[in-house]
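Undergrad: Pasted the sequence and its predicted model underneath.
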2 protein chains.
Amino acid sequence: MPGATEQKIIDAAVRLFASQGYDATSVQEIVTAAEVTKGALYHYFRAKDDLLFEIYRLLITSQSADMDRIIGLGLSSSETVREILCSLVVSTAERVDETAVFVRELHRLGEDRMTEFRAERRRYHETFLAVIEKGQADGSFSSSVPADTVVRIAVGVVNQLPMWYRPDGPKPPPVLAGEIADFVLAGLSA
Amino acid sequence: MPGATEQKIIDAAVRLFASQGYDATSVQEIVTAAEVTKGALYHYFRAKDDLLFEIYRLLITSQSADMDRIIGLGLSSSETVREILCSLVVSTAERVDETAVFVRELHRLGEDRMTEFRAERRRYHETFLAVIEKGQADGSFSSSVPADTVVRIAVGVVNQLPMWYRPDGPKPPPVLAGEIADFVLAGLSA
DNA sequence: GTAGGCATACCGACCGGTCGGTAGGGTGGC
DNA sequence: GCCACCCTACCGACCGGTCGGTATGCCTAC
């Protein structure tokens, strides 16, 4: 639960990292945008990297929670896939900046944190994979395309969303989410 | 047609940018890796950004040429889509480093070059879009999902390829390309 | 000789991080 | 009631080091 100052710093960092990149954003720019001082920033964060890691942590935590919640509902395979995709697309659209930073600056994570992150992502992938494989096993889905490739495609689209999605674009997020879910489900029922 | 020195510099830059990022790579690192000196680099390139732009230019040029060539073959809609996707996936796999740099560091392009680049990308998108819309119009494809969303999905997967594709992975590029094409075509025939 | 193709030494700007210090609220002894 | 003490939150000048870029000149080919 971050306090007000901490939150202001993170918000400013996300905005600046998303528009300029991590390295191209100086700590001074962040504190100026957040209307605090360098002292305040280094009081709450040990280093600039900590900001990145915190942004990732918040994003991953919320996405994992979303998926677990949906699976817990006990819907049919295709309804589960639809719900996962829709919630993923909508929540990503709500947090384009965080996602853009995440996709672009992932490689700057240090060794330890990278390992930690990879484990979390692997868990996410395998949970999703299991849902699709279950559907293929019980005949809800076609097996003509391997489940892992389907997961790659689905996650790929979402991660690329920041490249083209604009909040003031013609299609509101729920519509977009529906279209994407329709397409993936169509591919799964070939 | 770059000369030998120029090519060595670009190759080194691509490799380093892909593994560390643009800002995190110093000009000194590039020239050391390329076994040339700073004088040589600044003899051929006016600034560090020029390296980025050159990398993009080479990538986009070759991809556009690929698509134009395939469309020129005059195949059926679904064969055309399959060929475009396969060649895109295979050529992207061949140039993962370039693609990784492209996806991650695009935002560093200056105003002018960004405009130039956007025009080129728009042309690419619209050409691809036209192929799908033609297929939808003549009944080869279903119209249940809008063509622009399909293009977004297809391009999204390819751009995310550097995130997970490894040359020594279990699936060689042509197999992967086939699976992705199968999936997209399945979604288009729902 | 002279023009392109480099090498080397160097510059000024800037950056992440530090550090000595302060403001102000809480707390315990008397 | 109040003072001494401390602790958290925060300030901002400053430092060592690095980086992109330049100035200058050598050296080989023509």
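TA: The structure has been received and is ready for your questions.
Undergrad: drop to CA atoms for contacts and neighbour counts, all remaining ones
TA: OK.
Undergrad: and the residue of chain A at minimum distance from DNA strand C, how many neighbours?
TA: Residue of chain A nearest DNA strand C, by C-alpha to the nearest atom of the strand: residue A:26 (3.2 Å). By other C-alpha atoms under 10 Å in any protein chain shown, 15 other residues sit near residue A:26.
Undergrad: Contacts for the helix or strand harbouring residue A:41, please.
TA: Taking DSSP states H and E as the definition, residue A:41 sits inside helix A:38-44. By C-alpha atoms under 8 Å, 6 or more residues apart in numbering or on different chains, the surrounding residues in contact with helix A:38-44 are A:6, A:9, A:27, A:28, A:31.
Undergrad: what's around the second one, how many residues?
TA: Same thing as residue A:9. The burial count for residue A:9: 23, using other C-alpha under 10 Å.
Undergrad: Compute the distance between it and residue B:130, please.
TA: According to C-alpha to C-alpha, to the nearest Å, residue A:9 and residue B:130 sit 45 Å apart.
Undergrad: mind checking pLDDT for residue A:167?
TA: Residue A:167 carries a pLDDT value of 96.
Undergrad: Report the rounded mean pLDDT for stretch A:141-148.
TA: 96.
Undergrad: That one and chain B, are they touching?
TA: Yes. Applying C-alpha under 8 Å from any C-alpha of the partner chain, one finds stretch A:141-148 touching chain B at A:145, A:146.
Undergrad: what distance separates the start and the end of that stretch?
TA: Start-to-end, stretch A:141-148 (C-alpha to C-alpha) is 14 Å.
Undergrad: Can you mark which positions in stretch A:146-165 are buried?
TA: A:146-148, A:150-162, A:165 (16 or more other C-alpha atoms under 10 Å in any protein chain shown).
Undergrad: got any ranges where chain A has weak pLDDT?
TA: Scanning chain A for pLDDT under 70 picks out A:1-3.
Undergrad: what's the host helix or strand of residue A:80 packed up against?
TA: In the assignment (DSSP H and E), residue A:80 maps to helix A:77-94. The contact analysis (3 or more C-alpha pairs under 8 Å, 6 or more residues apart in numbering or on different chains; DSSP states H and E) places helix A:77-94 against helix A:48-72, helix A:111-137, helix A:147-164, helix A:173-188.
Undergrad: what helices or strands is the shortest one leaning on?
TA: To tie it back to what came earlier, the one meant is helix A:173-188. Using 3+ C-alpha pairs under 8 Å, 6+ apart as the test, helix A:173-188 ends up in contact with helix A:77-94, helix B:147-164, helix B:173-188.
Undergrad: Kindly recompute the last result at 6 Å.
TA: If you count contacts as 3 or more C-alpha pairs under 6 Å, 6 or more residues apart in numbering or on different chains; DSSP states H and E, helix A:173-188 packs onto helix A:77-94, helix B:173-188.
Undergrad: before we move on, what about the third one?
TA: Here helix A:147-164 touches helix B:147-164, going by 3+ C-alpha pairs under 6 Å, 6+ apart.
Undergrad: chain center to stretch A:149-161: distance?
TA: 11 Å (C-alpha atoms, centre = their mean, to the nearest Å).
Undergrad: residues making contact with it?
TA: With contact meaning C-alpha atoms under 6 Å, 6 or more residues apart in numbering or on different chains, stretch A:149-161 is reached by B:153, B:156, B:157, B:160.
Undergrad: quick one: the residue of chain A most remote from its centre and DNA strand D, what's the gap?
TA: Relative to the centre of chain A, and counting by C-alpha atoms, centre = their mean, the farthest-placed residue is residue A:39 at 30.6 Å. Distance, residue A:39 to DNA strand D, using C-alpha to the nearest atom of the strand, to the nearest Å: 3 Å.
Undergrad: got it, and residue A:128?
TA: 39 Å.
Undergrad: Could you check the angle the helix holding residue A:80 makes with helix A:111-137?
TA: Angle between the axes of helix A:77-94 and helix A:111-137 is 150 degrees (criterion: axes from the mean of the first three to the mean of the last three C-alpha atoms, to 10 degrees).
Undergrad: mind listing what's buried in helix A:77-94?
TA: Neighbour counts using 16+ other C-alpha under 10 Å place A:77-78, A:80-93 of helix A:77-94 among the buried residues.
Undergrad: Equivalent analysis for stretch A:118-137, please.
TA: A:124, A:128, A:129, A:131, A:132, A:133, A:135, A:136.
Undergrad: Among the contacts of stretch A:149-161, which one sits closest to residue A:98?
TA: Checking the contacts of stretch A:149-161 against residue A:98 with C-alpha to C-alpha, the nearest one is residue B:160 at 16.7 Å.
Undergrad: and DNA strand C, which of the buried residues of stretch A:146-165 contact it?
TA: The subset of these within reach of DNA strand C, counting by C-alpha under 7 Å from any atom of the strand, is empty.
Undergrad: which residues sit in contact with residue A:53?
TA: So residue A:53 contacts nothing (C-alpha under 6 Å, 6+ apart).
Undergrad: hmm, try it at 8 Å
TA: With C-alpha under 8 Å, 6+ apart, residue A:53 has these contacts: A:109, A:113.
Undergrad: can you check residue A:12 too?
TA: Contacts of residue A:12 (C-alpha under 8 Å, 6+ apart): A:30, A:31, A:33, A:34.
Undergrad: Which other helices and strands does the helix or strand harbouring the second one contact?
TA: Secondary-structure element containing residue A:31, defined by DSSP H and E: helix A:27-33. On a contact count with 3+ C-alpha pairs under 8 Å, 6+ apart, helix A:27-33 meets helix A:4-20, helix A:38-44.
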